[in-house]
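Peer 1: next come a sequence and a model predicted from it.
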Amino acid sequence: MCGIIGYIGKKNSIPRLINGLKTLEYRGYDSAGIAYVKDNKIKIIKEAGKIANLEKLLEDKDSSNIGIGHTRWATHGGATSNNAHPHKQGHITLVHNGIIENYQELKDMLIDNGYKFNSDTDTEVACAYIDYLYRENKDIVESLDKCNSIFKGSYAFGIIVDDDYDSLYAVRKNSPLIIGIGDNENYIASDVPAILDYTNKYTLLNNYDIAKITKDKVTVYNNLKEVSKDILTYNIDKSVRDINGYDHYMLKEINEQSIILNNLIKNYDSKDKILKNIKDYTKYNKIFIVACGSAYHAGVVSKYMIEKYADIEVNVEIASEFRYKKLFIDNNTLVIAISQSGETADTLASVRIAKELGAHTLGIINVEESSIAREVDDVIYTKAGIEVAVATTKGYTTQVFILSMLALSLAIRKNINIDKDIFNKIRLVPNLINSLLDRKYNYLTKILKKKNDIFFLGRNIDYASVLEASLKLKEITYIHSEAYAAGELKHGTISLIEDDTPVISLVTNKDIAEKTISNIKETIARGAYSIIIATKDIDIPKDSYNDLIRIDRTVDLLQPILNIIPLQLIAYNVAKSKGCDIDKPRNLAKSVTVE
Ligand code: G6P
């Protein structure tokens, strides 16, 4: 979702802004723009669509030592060049990530005071409001501090003020923003990878922090008082962003899963390591898991795992629902927030609510030092590395892995019987993943790419896995798809099964395989084209499928990781054969920083 970049220094800001915006592309956007100073005046260039459209409008000879740039994911107002950022009102030029919820009342007041608006955005209102305050007091830090108490919603702003072209200003509340510290140059950005080509030193801003950034100094205020900030170092090598010859980041990231899990497993492949790396949570008598999207699906998988292995009740909640419902949570509750980005607005809000209610909070997070990672009581990092494709793959499987290890740690601490050979089996999983990675599914791809609806079935943990499979397919192929608990299909949705409607079923639980197979046959009787993915140890009758994909059996705890790999690859191949924009699917954002 919206990306912010800003530069101040001795060099030309324009190529740095464009490069930063390209690095932020993965977050999802539908227009882009930059502002810089030319002939002592602000020049704004912005355009709908891809950054390439913006680049066509740039003038080669322009050069400026200060600039701000933005990729916009439309919220208020369509994806037009007028609505694109930066916006300028009076003395203030600004880019924004977030939503100003009370923009309408501010807009009415500003119109009464003579302001005119060129866009439908809440952002232009924020820009005008800052100008309105600044006109009065001529002090930008004071104006922004006032805004902190007036603006409702979330925001990260990058700002240039007309009277001061030697400074960039930044402020944030509930939207990500960092300051990059260079040599005689400084940056603002939505995330550190956006500036890694220039520096790996950065400073984090807390909510309501206001930063004045010159080429060689960063001063941060909170409540009008100067606050000191640590300079941090980002340790991930920027080469991990390279596509390494793959056609898409998604394929690269699918393929990375065996190596990443192999590295991760090394921290959890014995009782001692598990107990050392995962704290004791046995005193909590109830667990809530909150998350969005694929992270929510990882939560559903782990509900089955934790309940089965550790004998504790687990409720999994979509974060945007959790935050607005009556909650039965107290200090005996553990609330687990799962988030790849660590910035998802609803998940972050849920953590805050859980803390207010006295719960202990644990984050299962990929991006280190992200907002959720900083706010939870404990954090376990999933160590998936930078994930660029919008559709998560390695982010999801590493979440499932950590949650399974959490289930195992609870079982060990509660002296619940576990398979004696479990750690040897866990160590074999990366090889089993490897054996699934080179399959192409050409025949299936040809069949599926022509379909308008595809259904997924599974029971129990297989149902949890197909929730993710269905999401993966629909987000990158744009084919409508739904996942059903196998037994539930006949309560309505079976009416949609026609001749040759694909039904993809996951069958990996021996105890209930027959039940699922009966449900599959019910769909075949109505004309379904049945595709079954099953572990090698389960007998699958010939009359229950048109295509059968076999996968290895591993420990129950990690079976969902193997299950999802063929389904990720099928989604990828279908999307590729349809010519979809796989890494940046339409309308989607990687990091959903507004609610
Ligand atoms: C977006 C992404 C999904 C992701 C979800 C939650 O919708 O496209 O891939 O699962 O947000 O993101 P998080 O960063 O909290 O895991």
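Peer 2: Structure received.

Peer 1: buried residues, stretch 83-93. List them.
Peer 2: Within stretch 83-93, the residues that qualify as buried are N83, A84, H85, P86, H87, K88, Q89, H91, I92, T93, counting by 16 or more other C-beta atoms under 10 Å. For every residue, glycine as well, the C-beta is placed using N, CA and C.

Peer 1: can I get stretch 311-326 in PDB, CA atoms only?
Peer 2: Output in PDB follows, covering the C-alpha atoms of stretch 311-326 (Å, rounded to 0.1, in the frame of the first residue of the first chain):
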ATOM      1  CA  ASP A 311      -4.600 -29.300  24.400                       C
ATOM      2  CA  ILE A 312      -5.400 -25.500  24.600                       C
ATOM      3  CA  GLU A 313      -8.500 -23.800  23.200                       C
ATOM      4  CA  VAL A 314      -7.600 -21.600  20.300                       C
ATOM      5  CA  ASN A 315      -9.800 -18.900  18.600                       C
ATOM      6  CA  VAL A 316      -8.700 -17.500  15.300                       C
ATOM      7  CA  GLU A 317     -10.000 -14.100  14.300                       C
ATOM      8  CA  ILE A 318      -9.700 -11.900  11.300                       C
ATOM      9  CA  ALA A 319      -8.100  -8.800  12.700                       C
ATOM     10  CA  SER A 320     -10.600  -6.400  11.200                       C
ATOM     11  CA  GLU A 321     -13.400  -8.300  12.900                       C
ATOM     12  CA  PHE A 322     -11.600  -8.800  16.200                       C
ATOM     13  CA  ARG A 323     -11.100  -5.100  16.700                       C
ATOM     14  CA  TYR A 324     -14.800  -4.300  16.600                       C
ATOM     15  CA  LYS A 325     -16.400  -7.200  18.600                       C
ATOM     16  CA  LYS A 326     -17.000  -8.100  22.200                       C
END
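
Peer 1: that stretch vs the ligand: in contact?
Peer 2: No - using C-beta under 6 Å from any ligand atom, stretch 311-326 stays clear of the ligand, with a minimum separation of 8.1 Å.

Peer 1: so that it lines up with my notes, have the first residue be 26 from now on.
Peer 2: With the count now opening at 26, the last piece we talked about shows up as stretch 336-351.

Peer 1: may I see the buried residues of that stretch?
Peer 2: Across stretch 336-351, burial judged by 16+ other C-beta under 10 Å covers I337, V339, N340, V341, E342, I343, A344, S345, F347, R348.

Peer 1: among those residues, which two are most distant?
Peer 2: Farthest apart among those by C-beta to C-beta are I337 and S345. That separation is 24.7 Å.

Peer 1: just to revisit the earlier point, among the buried residues of stretch 108-118, which are in strands?
Peer 2: Of those, the ones assigned to strands by DSSP state E are H112, K113, Q114, I117, T118.

Peer 1: what is the nearest of the residues you listed to the ligand?
Peer 2: Proximity of those to the ligand, judged by C-beta to the nearest ligand atom, is greatest for H112, which lies at 26.0 Å.

Peer 1: and that closest one, what is it in contact with?
Peer 2: Contacts of H112 were listed using C-beta atoms under 8 Å, 6 or more residues apart in numbering, and they are T118, L119, V120, H121, N143, S144, T146, T148, E149, C152.

Peer 1: same deal with K450?
Peer 2: The contact partners of K450, by C-beta under 8 Å, 6+ apart, come to D444, T579, V580.

Peer 1: is it true that it lies in a helix?
Peer 2: Yes - counting by DSSP: H, G, I helix; E, B strand; the rest coil, K450 is part of a helix.

Peer 1: measure it to the ligand for me?
Peer 2: Separation of K450 from the ligand (C-beta to the nearest ligand atom, to the nearest Å): 28 Å.

Peer 1: again, but for C152
Peer 2: For C152 relative to the ligand (C-beta to the nearest ligand atom), the value is 28 Å.

Peer 1: same for the helix or strand encompassing that residue, what does it pack against?
Peer 2: For C152, the enclosing helix or strand under DSSP states H and E is helix 147-162. Where contact means 3 or more C-beta pairs under 8 Å, 6 or more residues apart in numbering; DSSP states H and E, helix 147-162 is packed against strand 112-114, strand 117-125, helix 128-137, helix 165-175, strand 178-186.

Peer 1: so for it, what gets flagged as buried?
Peer 2: The neighbour-count check on helix 147-162 (16+ other C-beta under 10 Å) flags 147-159 as buried.

Peer 1: what do you get for stretch 421-434?
Peer 2: 421-434.

Peer 1: may I ask which two of those are separated the most?
Peer 2: The span of the buried residues of stretch 421-434, defined through C-beta to C-beta, is set by Y421 and S434 at 20.5 Å.

Peer 1: tell me the contacts of the residue of the stretch 176-325 of the chain at minimum distance from the ligand?
Peer 2: Of all residues in the stretch 176-325 of the chain, G318 sits closest to the ligand, at 2.8 Å by C-beta to the nearest ligand atom. Shown in contact with G318 (C-beta under 8 Å, 6+ apart): T369, T417, L496, V617.

Peer 1: please tabulate those residues in JSON lines, including the columns neighbour count, pLDDT and distance to the ligand.
Peer 2: Shown next, in JSON lines, are the contacts of G318 (neighbours: other C-beta atoms under 10 Å; pLDDT from 0 to 100; distance: C-beta to the nearest ligand atom, whole Å):
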{"residue": "T369", "neighbour count": "29", "pLDDT": "94", "distance to the ligand": "3"}
{"residue": "T417", "neighbour count": "28", "pLDDT": "97", "distance to the ligand": "4"}
{"residue": "L496", "neighbour count": "21", "pLDDT": "98", "distance to the ligand": "8"}
{"residue": "V617", "neighbour count": "22", "pLDDT": "87", "distance to the ligand": "5"}
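
Peer 1: and Y306, how many residues sit next to it?
Peer 2: Residues contacting Y306 under the criterion other C-beta atoms under 10 Å number 19.

Peer 1: near the ligand, which residues of the stretch 226-375 of the chain?
Peer 2: Residues of the stretch 226-375 of the chain lying close to the ligand (C-beta under 6 Å from any ligand atom) are C317, G318, S319, A320, S364, Q365, S366, T369, T372.

Peer 1: put the buried members of the residues you listed into a ChimeraX selection.
Peer 2: Of these, the buried ones go into a single ChimeraX selection, burial set by 16+ other C-beta under 10 Å:
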select :317,318,319,320,364,365,366,369,372
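
Peer 1: ok, which pair from the residues of the stretch 226-375 of the chain next to the ligand is furthest apart?
Peer 2: Greatest spatial distance among those (C-beta to C-beta): S319 and T372, at 12.2 Å.

Peer 1: so what sits against both of the two?
Peer 2: Residues touching both S319 and T372 (C-beta under 8 Å, 6+ apart): there are none.

Peer 1: just to revisit the earlier point, want to throw the ones in strands among the buried residues of stretch 108-118 into JSON lines with distance to Y194 and pLDDT?
Peer 2: JSON lines is the format used below for those (distance: C-beta to C-beta, whole Å; pLDDT from 0 to 100):
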{"residue": "H112", "distance to Y194": "15", "pLDDT": "98"}
{"residue": "K113", "distance to Y194": "14", "pLDDT": "98"}
{"residue": "Q114", "distance to Y194": "15", "pLDDT": "98"}
{"residue": "I117", "distance to Y194": "9", "pLDDT": "98"}
{"residue": "T118", "distance to Y194": "10", "pLDDT": "98"}
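
Peer 1: redo those as a markdown table? Include distance to E394.
Peer 2: Below are those laid out as a markdown table (distance: C-beta to C-beta, whole Å):
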| residue | distance to E394 |
| --- | --- |
| H112 | 29 |
| K113 | 32 |
| Q114 | 33 |
| I117 | 29 |
| T118 | 29 |
